[in-house]
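> The amino acid sequence is not available; the structure is as follows:
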């Protein structure tokens, strides 16, 4: 069964550094998402992406964040200058239909 | 912003049916009821969705009341692997519509 994959599984970075989180969505999917989950808290929407542009973004998704689909298979989330409060699990999701979003296993980002 | 109300936690004995309730009294006519679950440290997993009719798939059954103000997710024969947080979500089925997760119900399956 096809699945969403994410790399790395765990990323440790120092405050102020740039990080890129990578996702490979399911191959025929057209809609892509990033969510995050701070430890012990709810899963929060960050951004949705369709047809090579952002469809919607939350107030969390400020100028420090960007997304890209550079080669038709990968979908990346970049954080330009990480802050301690960016420490969280980051989940990528994709969908073809309007019903199910398929989530990846997540990347645990630890900012020190 | 959550449009649903769920119990914080529930227990269920292994092998029994787990019945997870959800209230969504302000649901609109074009909104579906979705259920996702999140096993510890994993990404959320879609379970089932419905508009007004009861639905069943290989994972679960969804019972929606006639007035659509509440629903119940049924896991017919719960196993230890069903221990997870279960999220009841109300949303319009647009392709690029985000999912807004609440706190969900933490379901413990007891051996």
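On my side now, so go ahead. Here the structure is a predicted model, which means the values were calculated and not measured.
> Sort out which residues of the helix or strand containing residue A:67 are buried, please.
Assigned by DSSP states H and E, residue A:67 belongs to strand A:65-68. For strand A:65-68, burial by neighbour count (16 or more other C-beta atoms under 10 Å in any protein chain shown) applies to A:65, A:67. Where you see a C-beta, it was placed from the backbone N, CA and C, and this is true even at glycine.
> List the strands paired with that strand, with their directions.
Strand A:65-68 sits in its sheet next to strand A:75-79 (antiparallel), going by DSSP bridges.
> what about the partner strand, average pLDDT?
In this model, strand A:75-79 has a mean pLDDT of 98.
> Contacts made by that strand with the rest, please.
Here strand A:75-79 makes contact (C-beta atoms under 8 Å, 6 or more residues apart in numbering or on different chains) with A:18-25, A:32, A:34, A:46-47, A:49, A:64-70, A:86, A:90, A:92, A:94, A:109.
> In the sheet, which strands lie alongside the host helix or strand of residue A:45, parallel or antiparallel?
Secondary structure from DSSP H and E places residue A:45 in strand A:43-50. According to DSSP bridges, strand A:43-50 forms sheet pairs with strand A:31-37 (antiparallel), strand A:53-57 (antiparallel).
> Could you single out the most deeply buried of those?
Ranked by mean neighbour count, the strands paired with strand A:43-50 are led by strand A:31-37 with a mean of 24 (mean count of other C-beta atoms under 10 Å in any protein chain shown).
> right, and the secondary structure at the closest residue to residue B:77 other than its chain neighbours would be what?
Excluding its sequence neighbours, the residue lying closest to residue B:77 (C-beta to C-beta, 6 or more residues apart in numbering or on different chains) is residue B:15, at 5.9 Å. At residue B:15, secondary structure determined by DSSP: H, G, I helix; E, B strand; the rest coil is coil.
> now swap in the one 10 residues further on and tell me
Using three-state DSSP as the criterion, the local structure at residue B:25 reads coil.
> give me the number of residues near the nearest residue to it once chain neighbours are set aside?
Excluding the flanking residues, the one nearest residue B:25 by C-beta to C-beta, 6+ apart is residue B:69, at 4.5 Å. Burial of residue B:69 is recorded as 13 neighbouring residues (other C-beta atoms under 10 Å in any protein chain shown).
> and if you look at the one 10 residues further on?
Residue B:79: 12 surrounding residues under other C-beta under 10 Å.
> what does the one 10 residues further on give?
The number of residues packed near residue B:89 is 22, by other C-beta under 10 Å.
> Just to be sure, it is in a helix?
No. Going by three-state DSSP, the assignment for residue B:89 is strand, not a helix.
> Spatially central, which residue of chain B would that be?
Nearest residue to the geometric centre of chain B (C-alpha atoms, centre = their mean): residue B:35, 3.4 Å.
> where's the spatially closest residue to that residue that is not a sequence neighbour, which helix or strand?
Leaving aside its sequence neighbours, residue B:35 sits nearest to residue B:47 (C-beta to C-beta, 6+ apart; 4.3 Å). According to DSSP H and E, residue B:47 maps onto strand B:45-50.
> right, is the helix or strand just after that strand up against chain A?
Along the chain past strand B:45-50, the next helix or strand (assigned with DSSP H and E) turns out to be strand B:55-56. No. Strand B:55-56 lies apart from chain A when judged by C-beta under 8 Å from any C-beta of the partner chain; the minimum separation is 11.2 Å.
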